[in-house]
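S.K.: here is my input; please provide its structure:
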Amino acid sequence: MPTPLKLLILEDNTFDAELEVGRLQAAGYDCDWKQVQTREEFEACLDRPEFELILADYNLPDFDGLSALSLLRERGLEIPFVLISGTLGEERAIESLKAGATDYVMKERLERLAPVVTRALNDRLERANRSAAQQALRDAHRRLQALSVRLLQVEETERRRIARELHDGIGQLLTAVKLRLAGLNPSSADYGSRRGECVAAIDDALEQVRRVSRDLRPSQLDDLGLLAALRSHLDQQASSAGFKPNFTHEGVPQRLAAEIETTCFRIAQEALTNIVRHAQASEVWVTLAGTEEELRLEVRDNGRGFDVAAARLRATAGSSMGLLSMEERATLAGGRLAIDSALSRETRLSLTLPLVPAGAEQA
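M.R.: Numbers count the residues shown, from 1 in each chain. As a prediction, the model looks like this:
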């Protein structure tokens, strides 16, 4: 099957241009080509750089190949540029390569043209792939830096929150109980009521301990598994935020590998937290589905939506790390995360994780 090729030819001789195209077509290229002869025509083509390759005659009556190459480089265009000449000597050939030409071909040796073009196009593809990989690496590094900074901030914030919970809540309750117990007199008339107050205060303190512990890690996740923990958390969030919860599941084993359960629960937890804080949703749907190979989670709400690209930029800048932390969790577990949303429409989070049976990670 012919290889499509968008080709720009800078050549004042139409016969020579047709010869070059003929050589490429014979080598399997389907050329969509345009011939130009002047600087003005060449610059007009560069203003809409749709071409994949440029063939340029070294000598033209009012223009030349090296000047054309200079114009191409000034615009920062990475289009392979091959010089064609009938009189190009070795010294000028070296000069053209130093100036940035991809290669050169003598007109009396046009049989070299197709291999030169193939190599130039392959080199361009390799450079583009390498550039994309380097950019992806830089982006990942920036995300990692932002996530590391945010992780330290979140850790310190969480420590302050727990310290405040212990001091202001549980600590004060226990202090009050201590003082009441110190003043208890079994022979006094109000002994029974004051003892009851102490028991109630201790019960209150125990409930606060359970709440702090549940916030750190729900016991249901370890004791009963992902389904029970996720359903319980959805109901709790719905009760506090006032939205209607919908929970469905199909084909999910009772227990999964701990890493998979934790990753899925934490991502769902973050998604529900974002819904409560920002979405103003009246209804939320959480769906879990399992196959032999993977676990799929979907969290959907009918709230006001958001600009995903803008949120990702803010997260990379260190503003809010919820989105990045979910993506990092999914990646570390070998999964994929996708978020589909826009302003004034529903938001849909989709997570896919490899389904590893419980205990397999120790095998």
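S.K.: need the helices for the stretch 201-350 of the chain, in chain order.
M.R.: 219-223, 226-241, 258-274, 308-316, 322-332 (DSSP state H, counting those that start in this stretch).
S.K.: just the buried positions in the lowest-mean-pLDDT helix or strand in the chain, please.
M.R.: With mean pLDDT, DSSP states H and E as the measure, the helix or strand of the chain carrying the lowest mean pLDDT is helix 90-98 (a mean of 75). Using 16 or more other Cβ atoms under 10 Å as the test for burial, helix 90-98 gives 92-93, 96. No exception for glycine: its C-beta is placed from N, CA and C like everyone else's.
S.K.: name the next helix or strand downstream of it, please.
M.R.: strand 103-106 (DSSP states H and E).
S.K.: contact partners of that next one?
M.R.: 58, 82-86, 88, 93, 96-97, 112-113, 116, 119-120 (Cβ atoms under 8 Å, 6 or more residues apart in numbering).
S.K.: repeat that with 6 Å
M.R.: 82-84, 93, 96, 112-113, 116 (Cβ atoms under 6 Å, 6 or more residues apart in numbering).
S.K.: please indicate which of those are buried?
M.R.: By neighbour count, with 16+ other Cβ under 10 Å, these hold 82-84, 93, 96, 113, 116 as buried.
S.K.: measure Arg180 to Val308 for me?
M.R.: Applying Cβ to Cβ, to the nearest Å, the value for Arg180 to Val308 is 54 Å.
S.K.: tell me which element Gln145 falls in.
M.R.: Per DSSP H and E: helix 113-164 holds Gln145.
S.K.: that helix packs against which elements?
M.R.: Where contact means 3 or more Cβ pairs under 6 Å, 6 or more residues apart in numbering; DSSP states H and E, helix 113-164 is packed against helix 14-26, strand 103-106, helix 308-316, helix 322-332.
S.K.: of all the ones you listed, which lies closest to Asp190?
M.R.: helix 322-332 (51.5 Å; Cβ to Cβ).
S.K.: show me where pLDDT drops low in the protein?
M.R.: Scanning the chain for pLDDT under 70 picks out the ranges 88-90, 147, 149-154, 213-217, 316-321, 356-363.
S.K.: tell me, what residue is most central in it?
M.R.: Ranked by distance to the mean C-alpha position of the chain (Cα atoms, centre = their mean), the top residue is Glu327 at 6.6 Å.
S.K.: quick one: residues contacting that one.
M.R.: Glu327 makes contacts with Leu337, as judged by Cβ under 6 Å, 6+ apart.
S.K.: when you give positions from now on, start the count at 20
M.R.: From this message on, residue numbering opens at 20, which makes the last subject Glu346.
S.K.: separation between it and Cys283?
M.R.: From Glu346 to Cys283 the distance is 14 Å (Cβ to Cβ).
S.K.: hang on, Thr282 packs against Ala352?
M.R.: Yes. Counting by Cβ atoms under 6 Å, Thr282 touches Ala352, with 4.3 Å between them.
S.K.: of these two, who's got more company?
M.R.: Thr282 (25 against 21; other Cβ atoms under 10 Å).
S.K.: if I pick the more buried one, what's in contact with it?
M.R.: Per Cβ under 6 Å, 6+ apart, neighbours of Thr282: 348, 352.
S.K.: try 8 Å this time
M.R.: With Cβ under 8 Å, 6+ apart, Thr282 has these contacts: 348-349, 351-352, 354, 372.
S.K.: save these as CSV, and put in distance to Tyr210 too.
M.R.: Converted to CSV, those look like this (distance: Cβ to Cβ, whole Å):
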residue, distance to Tyr210
Arg348, 54
Ala349, 59
Leu351, 58
Ala352, 57
Gly354, 60
Leu372, 58
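S.K.: list the contacts for Ser301?
M.R.: Contact analysis of Ser301 by Cβ under 8 Å, 6+ apart lists 262-263, 321-322.
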